[in-house]
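sequence first, then the predicted structure, then my questions.
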Amino acid sequence: MSDIAISVNNISKMYKLYDKPIDRLKEALGLSKKKRYREHYALNDVSFQVNKGETVGIIGTNGSGKSTILKIITGVLNPTGGSLEVNGRISALLELGAGFNMEYSGLENVYLNGTMIGFTREEITARLQAILDFADIGDFIHQPVKTYSSGMFVRLAFAVAINIDPEILIVDEALSVGDVFFQAKCYRKFEEFKKRGKTILFVSHDLGSISKYCDRVVLLNKGVKMGEGAPKEMVDWYKKLLAGGDEVSVDTGAADVIQAQTEAAESMGTIDSASCLAEGKWPRPFETDPQKLEYGDKKAEIIDFTLRDARGNYTNTIEKNSVFDILVRVRFHEKVQEPIVAFTFKNVQGTEITGTNTMYEKKDIEPCGDGREVIVTFRQEMNMQGGEYLLSLGCTGYQDGDFQVFHRLYDICNVTVISTKNTVGFYDMNSRVTVEYQDKNN
């Protein structure tokens, strides 16, 4: 039995480009012997293999042929030349929801899509609960899809595609769908597939995900395979191809975002800052994950938290290079000898970016118990790059010399970093650059 899951052999895809519609018609009718089109190769003589159980990434600039090769592998497109061999059942996360009927309910579309993939009704029914749990759209599953928000639509489409237990998973930027909490769930499912030894072909512009998940990377540029090899090597090469390109900047000011966020939350009745403070609670004009993962024996419990920017606004939108606070309130139900309070930032792919705790910072908390409450404020400068992050909180400590977990809240909320300048990687080193021009006569 072959160990190769996908074999791409000298694949080419050529499109005929016509200057005028009449030229296409004349050629179709055989009215002209003159060549009236230009040849455009979306792919030109591309070859690579994906072994069973391997995760291979495909990267490249826009127009390099990444999506085209995936569509050929999944049978959506036919190649102009070359051959293809696929060994195993494929689930493709390409254009999510492309086969949905907008008049059908979500449940009817689950069965419709499952049938199109090749499952019997009984097989779909066996997977139905996993699909519904993953999509998490509640009673809307019985409503017509045309009534769904865009977020609900992609959640259901992703849930159908990801829960059919394929042998080969093909992903084209689909892990960035939905809100930040759903993205984190998608990446956990992706990691589960990888641990189970599934074959994965992964296309993404997120170089962090490519580096983290892929065993090998194929680099395409303008339809031509530039090379393949270790993720770091190919990512570095890709960055060279991007050299000289325009960097994306965020023009929106953080103050405008925060103001709009707070006004929206107050108008919907989500928060009332004055009432919250009067009740001894902190305002929190942002969402927390309703399906948060928490554990611990709760001898000490995190009962409140929030974030506050340099202007004193309670918000989860922080301007890069500004000072901000993370406030954590802990109630001690039983005596704890050496409590430690901590926070961690992760990206949506689940990679821990940074974090600290009261022990690291040499701010020891004295033994507490009998319902006593302690407020811990972490004040720091936001030096992470602009983007979305997940905040986790924890209260741990030592009892009789043994480490114990009292309460942990994983990915409790997202934090948006607004930036007008991003550098390479997770952090900005805040370089101070000087340039001196030397006169030739000196």
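That came through, no problem. Numbering: from 1, shown residues only.

what are the boundaries of the helices in the stretch 151-300 of the chain?
Ranges of helices in the stretch 151-300 of the chain, per DSSP state H, counting those that start in this stretch, are 180-195, 207-213, 231-242, 254-267, 273-278.

mean pLDDT lowest for which of the ones you listed?
The weakest mean pLDDT among these belongs to helix 254-267, with a mean of 47.

residue ranges with poor pLDDT in the stretch 101-250 of the chain?
Scanning the stretch 101-250 of the chain with the threshold set as pLDDT under 70 gives 174-178, 242-250.

okay, strands next: where are they in it?
Taking DSSP state E, counting those that start in this stretch, the strands of the stretch 101-250 of the chain run over residues 168-172, 199-203, 216-221, 224-229.

format those strands as CSV; extra columns: distance to residue 183 and mean neighbour count.
All C-beta atoms are positioned from the backbone trio N, CA, C, and that covers glycine. Converted to CSV, those look like this (distance: least, C-beta to C-beta, whole Å; neighbours: other C-beta atoms under 10 Å):
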stretch, distance to residue 183, mean neighbour count
strand 168-172, 13, 23
strand 199-203, 15, 25
strand 216-221, 22, 22
strand 224-229, 28, 16
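
out of those, flag the one nearest residue 32.
Comparison of these against residue 32 by C-beta to C-beta identifies strand 224-229 as nearest, at 31.1 Å.

list of residues touching the closest one?
With contact meaning C-beta atoms under 8 Å, 6 or more residues apart in numbering, strand 224-229 is reached by 44-48, 60, 216-220, 234, 237, 241.

then stretch 375-385?
Identification of contacts with stretch 375-385 by C-beta under 8 Å, 6+ apart yields 318-330, 341, 343, 345, 353-354, 356, 358, 363, 365, 417, 419, 422-423, 425-428, 430.

and the longest strand seen in the chain, which strands flank it?
Assignment by DSSP state E gives strand 402-418 as the longest strand of the chain. Using DSSP bridges, the strands paired with strand 402-418 are strand 293-295 (antiparallel), strand 317-319 (parallel), strand 387-399 (antiparallel).

pick the most buried one from those.
Highest mean neighbour count among these (mean count of other C-beta atoms under 10 Å): strand 317-319, with a mean of 24.

mind listing what's buried along the helix or strand that comes right after that one?
Per DSSP states H and E, the first helix or strand lying C-terminal to strand 317-319 is strand 323-332. The neighbour-count check on strand 323-332 (16 or more other C-beta atoms under 10 Å) flags 324-332 as buried.

over to stretch 21-31?
Buried residues in stretch 21-31, counted by 16+ other C-beta under 10 Å: 23, 27.

how about residues contacting it?
Here stretch 21-31 has contacts from 16, 18, 32, 36-37, using C-beta under 8 Å, 6+ apart.

for that stretch, give the mean pLDDT please.
Averaged over stretch 21-31, pLDDT sits at 76.

leaving out chain neighbours, which residue sits closest to residue 399?
Of all residues not flanking residue 399 in the chain, residue 337 sits nearest, at 5.6 Å (C-beta to C-beta, 6 or more residues apart in numbering).

just the pLDDT for the one you found.
The score at residue 337 is 92. That number is its pLDDT.

using PDB, list the CA coordinates for the helix or strand residue 346 falls within.
Residue 346 belongs to strand 338-347 when assigned by DSSP H and E. The C-alpha trace of strand 338-347 is given here as PDB (Å, rounded to 0.1, in the frame of the first residue of the first chain):
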ATOM      1  CA  GLU A 338       1.200  31.100  49.100                       C
ATOM      2  CA  PRO A 339      -1.300  32.300  46.400                       C
ATOM      3  CA  ILE A 340      -0.100  33.300  42.900                       C
ATOM      4  CA  VAL A 341      -2.100  35.300  40.400                       C
ATOM      5  CA  ALA A 342      -1.200  35.100  36.700                       C
ATOM      6  CA  PHE A 343      -2.200  36.100  33.200                       C
ATOM      7  CA  THR A 344      -1.200  34.800  29.800                       C
ATOM      8  CA  PHE A 345      -1.700  36.100  26.200                       C
ATOM      9  CA  LYS A 346      -2.100  33.700  23.400                       C
ATOM     10  CA  ASN A 347      -2.700  34.200  19.700                       C
END
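
who does it touch, helix- and strand-wise?
strand 323-332, strand 352-357, strand 372-381, strand 387-399, strand 402-418 (3 or more C-beta pairs under 8 Å, 6 or more residues apart in numbering; DSSP states H and E).

the inter-axis angle of the last one versus strand 338-347?
For the pair strand 402-418 and strand 338-347, the angle between their directions (axes from the mean of the first three to the mean of the last three C-alpha atoms, to 10 degrees) equals 40 degrees.

related to what we said a few turns ago, same list, the strands of the stretch 101-250 of the chain, but as CSV with distance to residue 159 please.
What follows is those, written out as CSV (distance: least, C-beta to C-beta, whole Å):
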stretch, distance to residue 159
strand 168-172, 14
strand 199-203, 18
strand 216-221, 28
strand 224-229, 32
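
rewinding a little: so what touches the strand holding residue 346?
208, 300, 326, 328, 330, 332, 352-359, 364-365, 367-368, 374, 376, 378, 384, 387-399, 406, 411, 415, 426.

quick one: closest of the strands paired with strand 402-418 to residue 181.
Nearest to residue 181, of all the strands paired with strand 402-418, is strand 387-399, at 8.0 Å by C-beta to C-beta.

tell me what angle the closest one forms with strand 323-332.
Going by the same axes, to 10 degrees, strand 387-399 is angled at 40 degrees with respect to strand 323-332.
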